[in-house]
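I would like to see how this sequence folds:
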Amino acid sequence: MKLRFARKLSLLVLATYLVWTLAACGTAISGSGSDDCCEQETDDCCNVDLSDDCCDDGNGNAALAEHAGTADVNYAELSDEELEALYRAEPAAGRTIHIGYSGGLCQAAIPVAQHYGFFEEEGLTTELVSSDDARDALAAGKIDTSAGMIAQWLTSVQNGVDIRFTLGLHTGCAAAVVLPDSGYDGFEKGMKIGFVGAFGGVYHNIALRFVAHDGFSSDDFTWLGFDQSAILLALQEGEVDAIVVSEQLSQQWVDDGDVKTIRSLTTDDDFKNEACCVLGISGTFLEENPVTSYKITRAVYRASLWIAESEENRLEAAKMMVENGYVSGTPEYSFKLLNYYRFGLTPVETAKSLYDSVDEYIQLGILSQDTDPEKFKEQIYYAYDFGDL
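Next comes the predicted model:
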């Protein structure tokens, strides 16, 4: 099979320019840092709006990040026959692909891809497997792929779990909230902050980023972890002053008047264009089956684009997921949350989200201070070109 080296080279040249542009802005965790790039008219390109022409390649999909692993062949340029021939030569061809799914709206693109035939259109036979801990299931070979939160999976990779990320699913999905009459409109030194789960887990890591972006140190607060079922009561009874939880929980509490939001991954300017959740594929599986992995990723990406396309699609998806038991609750609330997040993130946005998180996690001590950021970035992200999707 003829390799498309010229095309790949042009993509990498473009990507080098992109990453140089992004790197020029740096990561100012406290929000107090800036340099000339972010003060010019191209501020949006350097900072948050990666859909701007100055950062994009025209269709939003072809620009691959410099640090990412990439396939030797640009599969988007192959004919259907060429792609199928490569796929049929892989060990996973024809067998059932096991996809972990835990029942959250954050993973909505997976049941959408399953229910509406996006996997089938790629020639894949897929099965959704209930998996509360996708990391362990991937490590044990019980599933081939799943979606999870960057805030948890980066530390998992450093701890030896073999995962490669191929797609950002959507923005948003966590918030810090306080009681409406608490007098707090943001974080204040000395607050007791509660979070769902354990120290070093998803919501603790997100909370650390929240306070760091506001110019605080983690030592400025008292930190307490809670079970999800107990955390709202802990806030109401004064055990903590603020809590950091999934917005699938907090938005309902906001609607009910129980809490108010002081920080949000979904709506705050410094987080609203970041991928919250990513598609993770077993590193061994991807290495042995790069075309199958491409097909899986493209199916989920097409499902994400379909969700992003219209409110009509999001309403249909919400109804489908509730009716088929993919999520609990009502179609109306699921629809509201699907409208809240932004789906269909480009590879460029995925790369920036992962790389910014790596840099900040090292600074905050969430990742080891000895971590080589460039090697780690190359290790975690495998970028596919989706052509004109």
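
now Y184, what's its secondary structure?
coil (DSSP: H, G, I helix; E, B strand; the rest coil).

any idea how far it is from I243?
In this view, Y184 and I243 are 12 Å apart by Cβ to Cβ, to the nearest Å. C-beta coordinates here come from the backbone N, C-alpha and C atoms, glycine included.

need the residues that contact stretch 116-130.
Applying Cβ atoms under 8 Å, 6 or more residues apart in numbering, the contact partners of stretch 116-130 are 84, 87, 94-103, 110-114, 137, 142-143, 292, 295-296, 298-300, 302-303, 306.

spit out the residues that contact Y184 and I243 alike.
Taking Cβ under 8 Å, 6+ apart as the contact rule, the neighbours common to Y184 and I243 are V178.

which of the two has more neighbours?
Counted by other Cβ atoms under 10 Å, Y184 and I243 do not tie: I243 has more neighbours, with 28 against 17.

what pairs with the more buried one across the strands?
I243 forms beta bridges with V177, G194, as assigned by DSSP bridges.

what comes up buried for stretch 247-255?
247-251, 253-254 (16 or more other Cβ atoms under 10 Å).

go on, stretch 173-186?
Across stretch 173-186, burial judged by 16+ other Cβ under 10 Å covers 173-179, 182, 184.

got it, and stretch 114-132?
Per 16+ other Cβ under 10 Å, stretch 114-132 contains these buried residues: 114-116, 118-119, 122-124, 126, 128-129, 131.

flag the least confident of the buried residues of stretch 247-255.
Among the buried residues of stretch 247-255, Q248 carries the lowest pLDDT, at 88.

am I right that that one falls within a strand?
No. If the criterion is three-state DSSP, then Q248 is helix and not within a strand.

do you know how far it is from V129?
Distance, Q248 to V129, by Cβ to Cβ: 21 Å.

same question for S264.
Counting by Cβ to Cβ, the separation of S264 from V129 is 31 Å.

with I380 instead?
As judged by Cβ to Cβ, I380 and V129 stand 23 Å apart.

in the stretch 251-389 of the chain, which spans are strands?
For the stretch 251-389 of the chain, strands defined by DSSP state E, counting those that start in this stretch occupy the ranges 260-264, 275-282, 382-383.

so how far is the last one off the chain centroid?
With Cα atoms, centre = their mean, to the nearest Å as the basis, the distance from the averaged C-alpha position of strand 382-383 to the chain average is 14 Å.

who does that strand pair up with?
As defined by DSSP bridges, the strand partners of strand 382-383 come to strand 69-70 (parallel).

how far does the following helix or strand past the partner strand sit from its chain's centre?
On the C-terminal side of strand 69-70, the closest following helix or strand by DSSP states H and E is helix 80-88. Computed by Cα atoms, centre = their mean, the chain-centroid distance of helix 80-88 equals 29 Å.

check stretch 291-310 too.
Put simply, stretch 291-310 sits 14 Å off its chain's centre (Cα atoms, centre = their mean).

give me the buried positions along it.
Across stretch 291-310, burial judged by 16+ other Cβ under 10 Å covers 291-308.

swap in stretch 199-209?
Here stretch 199-209 shows 201-209 as buried, counting by 16+ other Cβ under 10 Å.

tell me what the most centrally placed residue in the chain is bridged to.
Centroid-nearest residue in the chain, with Cα atoms, centre = their mean: C277, separated by 2.5 Å. Beta-bridge pairing for C277 (DSSP bridges): M149, H170.

so who does it touch?
Neighbouring residues of C277 by Cβ under 8 Å, 6+ apart: 106-107, 147-150, 168-170, 173.

nearest to N324, of the residues you listed?
Using Cβ to Cβ, Q107 is the member of those that lies nearest N324, at 13.8 Å.

in what helix or strand does the residue nearest to the closest one when sequence neighbours are not counted lie?
Leaving aside its sequence neighbours, Q107 sits nearest to A147 (Cβ to Cβ, 6 or more residues apart in numbering; 4.5 Å). Using DSSP H and E, A147 falls within strand 145-149.
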